[in-house]
Every structure is written in structure tokens, then in C-alpha cells.
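**Q** Starting from these lines, generate the structure:
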Amino acid sequence: MGSITTMNKLLIKNGTLLTMGGDRQPRKADLLVADGRIKFIDTAIDRGEHPDVTIDASGMIVLPGLIFGHARLGFSLLRGQTDQILDDAERERTALRLVAGLSPEQVRCSAELGICQSIRSGVTTLFEGGSMRHTDQILQAAHTLGFRLIGGRMLADRTPDWPETLRMSLREQMSDVQALAHEASSSGEGGLLRYGVNTTNPLFCTDECLTQAKAFADAGGYPLKILLTTDKSQVDRMRRESGPQELASLETLGVLGENTFLVNPSFASELEQNVIRKAGARVVVNVTADLKLGRPLSRLPEFVRKGTPVLPGFDSPLYGGRMDAIRELAVLATVFRPQYGPQTMTPEQVLSMVTVDAARALGMDDELGTLEPGKRADIVLVDPGRDAFTQPGAHTNAYCRLVYEASASNIACTIINGNIVYRDGRVIGCDEKALVEQANTELVRILEKA
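**A** Numbering: from 1, shown residues only. Okay, here's the model as predicted:
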């Protein structure tokens, strides 16, 4: 296992750059990174710059690191454990029972596993959904692996049917949130950790919980993520108990705004879409997980057309499975076409959604999202030539190659904050073989205990 070392200078030569800014035309150029930021982009940067590392990117596509809007890293150990359960309510009960038994060490192992898988698929920034316990282990795993993470504890205080270990008073939860937010802000240079306030859906959160979450987010300048109800039985129950639709209830509480991210808007009506748009809120869609679970697909093209910022996500590994960003791009670009037409969600539009558009939605576009001098050096190198099924590749549109044909195996190098975190099939700073062995051992313990 190697360790992540900070480089003063990194030179990427001979690549095809998709800067995701300007005219969006692919550009053959070199790129120089210095002290964690992009310093120069030019047709030929002289080696007189004396880089610490030079990467020959001939035949490769170089683009900004991918930014994803949702995952539950603390549950990566539990991938696939509810796949055979078809009933939504039973799936939820089983998931809660498994999550309730996780130890701090298991959450840490789980987070490291999920981060490694994200890095391998080109993700450099993730807005993580948090866990009810041991969220500090997720933040520490991201810090150790040099991963850019927005994340924090999951808030839920209307949970009488949840396992006892997951139940805590709102006062205790908010105290935990304050401590974790301080830990994230003290994580060091490079802005790799940023706190994000997370709540589950209003069925499991009191109005007080949601308004306190919103107040804390506003006071600290943190993004607020609210999970929306994702199964029909819960939607029906909510409407029986509270009357108004979910988004109308959130609007009345005053928790919607430009810093609010609404996850899984599968049941949002056209009226509720307009509520979201008028509030300036953002939405996060987990399309592959929706397909797997048979959820209604969110009306993503309609959100985009109406100007609502949209971020793709992975959902929880308990439900969604693979955390493979490249696979997710292909699904995003194709799954809506039978309903909306063949020009829906073009490859360029999809790549924009996970780079410059995502950075703008998160308020990070002054630092991330495009390849340009002064920005943080979060960069992905994709080598389409590694895949025999994508050949020949000459004169093929670079956006189409990435979205329609590439796979995670084509990721040659992932760079975060100017540091190489993945190269030549290996995540730097992690013994992945030992991690996988540990993960399998811990999973057996979890299942035996459950």
C-alpha cells in the first residue's frame, strides 16, 4: 500500500481535454498542476517546468472530476443484502435491522470501500447521505483517502418503530451535528471535507427536526439534503396522516431554498415540480436504483427543461448496488428517451450535469467543475483504448465515447486536489485486497448477529 503524497507539480501531456467550459469543443493540449490547482493549459508545456510527475495522456480523454449528489458510504458493506426482498416495507425493516448493528469499525470499513469504488469510477466529489451512527468514521475515511466529501449525520426523530440503537432525541442528534460540523471544518487544507446537513423524509422527521436542520444549515452556510418518500405505501400513509402533498408540506415549513437538495422526487407532481422550481431548490435523482427497485422514474428531463438544477446519485448500496459513475451516465443518457424522445439528455448534457452544473448547484463552481487555470485540480483521465469493444475510436465524438461506450475499467487516473488517488488499477493509500478481505469478514459477522 502506498501513501498519498502532495506533489508540487504534475504535468499531463498530449491529452484530449474536455474542459466543460467555453465552447465545449475537445482540445488537444497539455495541463500543468501546481500546488493543488490547475496552473496552465497550453498546446505544449515545456518540461522546464520541472514537474514531480509527468503523465502521458496520449489517446486519453481528460475531463474534470465527476461530482455526484448522493450515496450512503456507511452502508457499502451491506450491498446486495436486500436484493431478494420484493416488499418495500419488509426491505426497509431488514435494512434498518442491519444498519442498527454496525460498529464504528464496520462503518469505517464500509466507507473506505465505497470511497475506493467511487474513485475508481472517476468520482472526485460526493454529497454523502450520512448515517444515524458513527458518521465521524465516514468523515475520517474520506480524509485519510484524500477524497472530496460533503456529508454529515442523518437526522430522524419520528422513529418509534426503528431499532433502539438508531433512536436518539433531537437534542442529542443536533449536538452530534455540531461536533461533526466542527470536525469537518478542522480537516485541513484543500477544502476536501465540507459539512452537509441530512434529514430523512417528513414521515420520519417532525416539523421541529426539519426546521432545526434548515436553521443550522443556513447559519453555517451548509447545504441541506432532504430524502423524499420513495415507496407508494409510505406516500399513501403520509397523505392520510398529514393531508397535503410532501412538497407542499415542506414549502409551508419554509425549508425549501437554493441550498436545499431533494433526493428521489419520484412522486413529485407537476404542481410540486413548480413548487421546487419557484423555491430555487435542487433535486438529486438515483436513476439506476429507481430502475432496480421498480420506482417511478423522476421526471428528470422536465426538471432540466424548467431550469431546476439536477444532480445524479447512487442511492444507498443497500438498494442501488454498484457505485459506478460511468455506468450511471449511460443510464441517464438513455433511459428517458422512450418517453421524451431521442434528443433527450444528450451525452454533452449528461457530462455537464456531473461536472460544471453540479459544481454550480453546490456553490463550488469557483473551485470545481471545469478545467481552467486557478481551479482545484480534480481531474479524471479516461483511456477508451483499454476496451476492445470500443474500437475503432478514431473520429468518434469524445462525449459519445465517454457516455455510451466507456466503463469504469477505462478510468486510467483519478486526481483530487492535485494528488493522484488512483492510477494503474490501484487506489493510492489503500490496500484494497486487505480491505475487501476485511469487508467480507465483517459482513459475515453482521449477518450472524442480525
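**Q** Can you pull out the low-pLDDT segments for the stretch 101-250 of the chain?
**A** Filtered on pLDDT under 70, the stretch 101-250 of the chain yields the residue ranges 188-190, 232-233, 235, 238-244.
**Q** can you pull out the helices in the stretch 201-350 of the chain?
**A** 207-220, 232-242, 246-253, 270-279, 287-293, 300-305, 317-320, 325-334, 337-340, 347-353 (DSSP state H, counting those that start in this stretch).
**Q** what kind of secondary structure is the residue of the chain most remote from its centre in?
**A** What lies farthest from the middle of the chain is residue 48; by C-alpha atoms, centre = their mean that is 37.8 Å. Three-state call for residue 48 (DSSP: H, G, I helix; E, B strand; the rest coil): helix.
**Q** separation between it and residue 39?
**A** Remark: distance between residue 48 and residue 39 (C-beta to C-beta, to the nearest Å) = 14 Å. C-beta: built from backbone N, CA, C; applies to glycine.
**Q** related to what we said a few turns ago, how much space between the residue farthest from the centre of the chain and residue 16?
**A** Residue 48 is 24 Å from residue 16, by C-beta to C-beta.
**Q** Likewise for residue 170?
**A** Taken as C-beta to C-beta, the span from residue 170 to residue 16 is 52 Å.
**Q** A strand includes residue 414, no?
**A** Yes: applying three-state DSSP, one finds residue 414 inside a strand.
**Q** where along the stretch 51-200 of the chain do the strands fall?
**A** For the stretch 51-200 of the chain, the strands defined by DSSP state E, counting those that start in this stretch cover 53-56, 61-64, 66-68, 123-127, 148-151, 154-155, 193-195, 197-199.
**Q** Residue 260 is nearest to which of the ones you listed?
**A** In terms of C-beta to C-beta, the element of the strands of the stretch 51-200 of the chain nearest to residue 260 is strand 197-199, at 9.7 Å.
**Q** Number of residues surrounding residue 28?
**A** Counted by other C-beta atoms under 10 Å, the residues lying close to residue 28 total 11.
**Q** likewise residue 285?
**A** 27.
**Q** gap between the closest residue to it other than its chain neighbours and residue 357?
**A** The shortest distance from residue 285 to any non-neighbouring residue, by C-beta to C-beta, 6 or more residues apart in numbering, is to residue 298 (4.6 Å). The gap separating residue 298 from residue 357 is 16 Å, by C-beta to C-beta.
**Q** Of these two, which one has the most company?
**A** residue 298 (25 against 21).
**Q** Cross-check the contact I'm expecting between that one and residue 276.
**A** No: taking contacts as C-beta atoms under 8 Å, residue 298 lies outside contact range of residue 276: 11.1 Å.
**Q** Overlap of the contact sets of the two?
**A** Listed as contacting both residue 298 and residue 276 by C-beta atoms under 8 Å, 6 or more residues apart in numbering are 265, 268, 283.
**Q** Quick check: the first one touching residue 283?
**A** Yes: between residue 265 and residue 283 a contact is recorded at 5.0 Å, counting by C-beta under 8 Å.
**Q** shared neighbours of these two, which are they?
**A** With C-beta under 8 Å, 6+ apart as the test, residue 265 and residue 283 both reach 276, 298, 303.
**Q** what's near enough to touch the first one?
**A** The neighbourhood of residue 276, defined by C-beta under 8 Å, 6+ apart, consists of 247, 256, 262, 265, 268, 283, 303, 308.
**Q** Please produce a markdown table containing those residues, extended by neighbour count.
**A** Converted to a markdown table, the contacts of residue 276 look like this (neighbours: other C-beta atoms under 10 Å):
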| residue | neighbour count |
| --- | --- |
| 247 | 25 |
| 256 | 21 |
| 262 | 26 |
| 265 | 26 |
| 268 | 23 |
| 283 | 27 |
| 303 | 20 |
| 308 | 23 |
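**Q** farthest pair in those?
**A** Distance extremes for these: the farthest pair is 256 and 303 at 14.3 Å, using C-beta to C-beta.
**Q** got the end-to-end distance for stretch 257-275?
**A** Across stretch 257-275, the terminal residues are separated by 10 Å (C-alpha to C-alpha, to the nearest Å).
**Q** whoops, stretch 162-177 was the one
**A** Note: stretch 162-177 ends 20 Å apart using C-alpha to C-alpha.
**Q** Quick one: residues in contact with that stretch.
**A** 96-97, 99-101, 132-133, 135, 152-153, 155-157, 159-160, 197, 206, 208-209, 212, 216.
**Q** Repeat that for stretch 318-325.
**A** By C-beta under 8 Å, 6+ apart, the list of residues contacting stretch 318-325 reads 66, 68, 71-72, 75-76, 78-83, 91, 95, 98-99, 114, 117-118, 121-123, 286, 288-289, 292-293, 314, 317, 354, 407-408.
**Q** Export it to CSV, keeping only CA atoms.
**A** The C-alpha trace of stretch 318-325 is given here as CSV (Å, rounded to 0.1, in the frame of the first residue of the first chain):
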residue,chain,number,x,y,z
LEU,A,318,-28.3,-1.5,0.2
TYR,A,319,-30.8,-0.6,-2.6
GLY,A,320,-28.8,0.7,-5.6
GLY,A,321,-25.9,-1.7,-5.7
ARG,A,322,-22.9,-0.5,-7.7
MET,A,323,-21.3,2.9,-7.2
ASP,A,324,-20.2,3.2,-10.8
ALA,A,325,-20.4,6.7,-12.1
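**Q** which parts of that stretch are buried?
**A** For stretch 318-325, the buried set under the neighbour-count rule, 16 or more other C-beta atoms under 10 Å, comprises 318, 319, 320, 321, 322, 323, 324, 325.
**Q** do stretch 213-227 as well
**A** 213, 214, 216, 217, 222, 223, 224, 225, 226, 227.
**Q** centre of the chain versus that stretch, how much separation?
**A** Distance of stretch 213-227 from its chain centroid, counting by C-alpha atoms, centre = their mean, to the nearest Å, is 18 Å.
**Q** And it, end to end?
**A** End-to-end distance (C-alpha to C-alpha), stretch 213-227: 13 Å.
**Q** Test my guess that residue 112 contacts residue 435.
**A** Yes: taking contacts as C-beta under 8 Å, residue 112 lies within contact range of residue 435: 5.8 Å.
**Q** distance of residue 118 from residue 414?
**A** Distance from residue 118 to residue 414, counting by C-beta to C-beta: 9 Å.
**Q** Those two - which one has more neighbours?
**A** residue 118 (30 against 26).
**Q** Correct me if wrong: that one contacts residue 147.
**A** Yes: applying C-beta under 8 Å, one finds residue 118 in contact with residue 147, separated by 7.3 Å.
**Q** quick one: common contacting residues for the two?
**A** Joint contacts of residue 118 and residue 147 (C-beta under 8 Å, 6+ apart) are residue 126.
**Q** which among the buried residues of stretch 318-325 gets closest to residue 34?
**A** residue 325 (27.0 Å).
**Q** list the contacts for residue 69?
**A** By C-beta under 8 Å, 6+ apart, the neighbours of residue 69 are 127, 261, 263, 282, 284, 311, 312, 313, 358.
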